[in-house]
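Participant: With the sequence up front, the predicted model follows.
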Amino acid sequence: MKNFRKSLYALALPIISLLHVNPVYAQEVYPAGPIELIVPWGPGGGADIMGRMAARWLESDLKTNITVQNVPGATGSIGLNKMIQNGAKGYSIGVLTGDTLSLDAFPKSTFNYSEVTPLAVLIRQPSGLFINYDSPIKSWDDLVAAAKLKPNSINVAITGPNSPDESTVNYLGTKGVSLVGIPYPKPSERYVAVLGNQVELLYEQAGDIRSHLEAKKLRPLIFFASKRLPPPFADIPVSSDYGYDILLPQTRSIVAKKGVDPKKLLVLANSLNKLSTTPEFITYLKEQYAQPDSYIPMAEANTFLENELAIFKKLTTKSGK
C-alpha cells in the first residue's frame, strides 16, 4: 500500500506543481504582442513622420510588430480618444501634438490631457507663416500692408479650430493684421491649398515643408520665436522683432493611456530614451529644423506639457474664449 501511495504521489506531483505557478513567472512579458501607434493626423505631415520613425525604432528595439494607423479629425482628438479607449493594457499608444494639447484649454474640450501619460516629448519646433514663393508678397511687411489695406482678405491654412494656429491668427488680428483661418485636418490638404493658391498663407513648422522650401515653392515670412533662427532662416524676422507676444511652438510627444501598468510604460519610455541618442534621431531633429535639445524624457515630460497647457489657457483667457 505504501509503495502504491508513493507511486500515486509521484504521478500527481507534476499536476500539483502546474496548479501552483510561481507568480513571478505568471507575470506578462511586455510586449507580448503587436502594439498600435495612432497618428491622429493624415499621412505626410510632421506628426506622421515622427510617429513612423518612433514606430520603426520601437519595433526593432522591442522585437514586436508596431502598426501605425492614421486617424485624422477634430484637431487630433478623434485619434487620441480612440487610443484612450483601446489602450488600457498598453498595446495602443499615440502621437500628441501641441495642437491637440491646446484643445484642453477650452470648455467642453474634445480632448482631456489628464487621460494620457506622456512617454517622452520627441520634438519642439518654432512655428511660422509661409507663402507661395511666386506671390507678389515677398516679406512680412508686405503682408501686413496688404492685410491692413483689405482686412480679412487673406486666408491662412490651419490645422483646425481651437488650435495654436487659430489662436495665432486671432492674436494677429488684435495687432491690426486681420487674417482668416481655414481649417484642413490633413497636412497634404494644407500644403496643396497654399501651393495651388486656394489660400495665401500656411501656418506650419519649417521642417514639415522642407522639400517645398528647398524647391523654392514656399517662402517663410515670419517665425514665432523670441530670437532669430539659425541659417538658413537667419534673415527671416521673428515675432519679437514686431513686439508680438506669442510663440506657441509645436511639440510632438508619444503618449499612452493614463493608468497603464507603470512597468509597461517604463519599457516604452526606456526604449524612446535609447532612440534619442541615436544618429538617426539627431539627424531627424536637424532635418526638421528643431531645437537640438528637443527631447524630454518621461520623468520631465508631464511637467513640461502641463506648463505648455497653462500658457495656452492664459492666452485663451486673454482672448475671451
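Facilitator: Structure's in. What do you need?

Participant: Please work out the average pLDDT along the lengthiest strand in the chain.
Facilitator: Criterion DSSP state E: the longest strand present in the chain is strand 116-125. Across strand 116-125, the average pLDDT comes to 98.

Participant: Sheet-wise, list the partners of it with their directions.
Facilitator: strand 250-257 (antiparallel), strand 296-297 (antiparallel) (DSSP bridges).

Participant: quick one: secondary structure of residue 166?
Facilitator: Applying DSSP: H, G, I helix; E, B strand; the rest coil to residue 166 yields a three-state assignment of helix.

Participant: What segments of the stretch 51-200 of the chain are strands?
Facilitator: Counting by DSSP state E, counting those that start in this stretch, the segments of the stretch 51-200 of the chain that form strands are 66-70, 92-97, 116-125, 127-132, 155-158, 180-183.

Participant: Rebuild the ones you listed as a markdown table, extending it with distance to residue 196.
Facilitator: C-beta here means a position set from N, CA and C on the backbone, and glycine is covered the same way. Below are the strands of the stretch 51-200 of the chain laid out as a markdown table (distance: least, CB to CB, whole Å):
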| stretch | distance to residue 196 |
| --- | --- |
| strand 66-70 | 22 |
| strand 92-97 | 25 |
| strand 116-125 | 25 |
| strand 127-132 | 9 |
| strand 155-158 | 11 |
| strand 180-183 | 13 |
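
Participant: can you give me the angle the longest helix seen in the chain makes with strand 92-97?
Facilitator: For the chain, the helix with the greatest residue count under DSSP state H is helix 298-319. Here the directions of helix 298-319 and strand 92-97 differ by 50 degrees (axes from the mean of the first three to the mean of the last three CA atoms, to 10 degrees).

Participant: Could you list every helix and strand in contact with helix 298-319?
Facilitator: helix 98-103, strand 116-125, helix 164-174, strand 250-257, helix 262-275 (3 or more CB pairs under 8 Å, 6 or more residues apart in numbering; DSSP states H and E).

Participant: Pick the most deeply packed of the ones you listed.
Facilitator: Ranked by mean neighbour count under mean count of other CB atoms under 10 Å, the helices and strands packed on helix 298-319 are led by helix 98-103, which reaches a mean of 27.

Participant: which helices and strands sit right next to it?
Facilitator: helix 77-86, helix 164-174, strand 250-257, helix 298-319.

Participant: switch to 10 Å and redo it
Facilitator: The contact analysis (3 or more CB pairs under 10 Å, 6 or more residues apart in numbering; DSSP states H and E) places helix 98-103 against helix 77-86, strand 116-125, helix 164-174, strand 250-257, helix 298-319.

Participant: tell me the angle the second one makes with helix 262-275.
Facilitator: Counting by the same axes, to 10 degrees, strand 116-125 lies at 10 degrees to helix 262-275.

Participant: next one: the first one
Facilitator: Helix 77-86 and helix 262-275 are oriented at 130 degrees to each other (the same axes, to 10 degrees).

Participant: Please name every helix or strand in contact with helix 77-86.
Facilitator: strand 35-39, strand 66-70, strand 92-97, helix 98-103, strand 116-125, strand 250-257.

Participant: what do you get for the third one?
Facilitator: Identification of packing neighbours for helix 164-174 by 3+ CB pairs under 10 Å, 6+ apart yields helix 98-103, strand 127-132, helix 140-149, strand 155-158, strand 180-183, strand 201-205, strand 250-257, helix 298-319.
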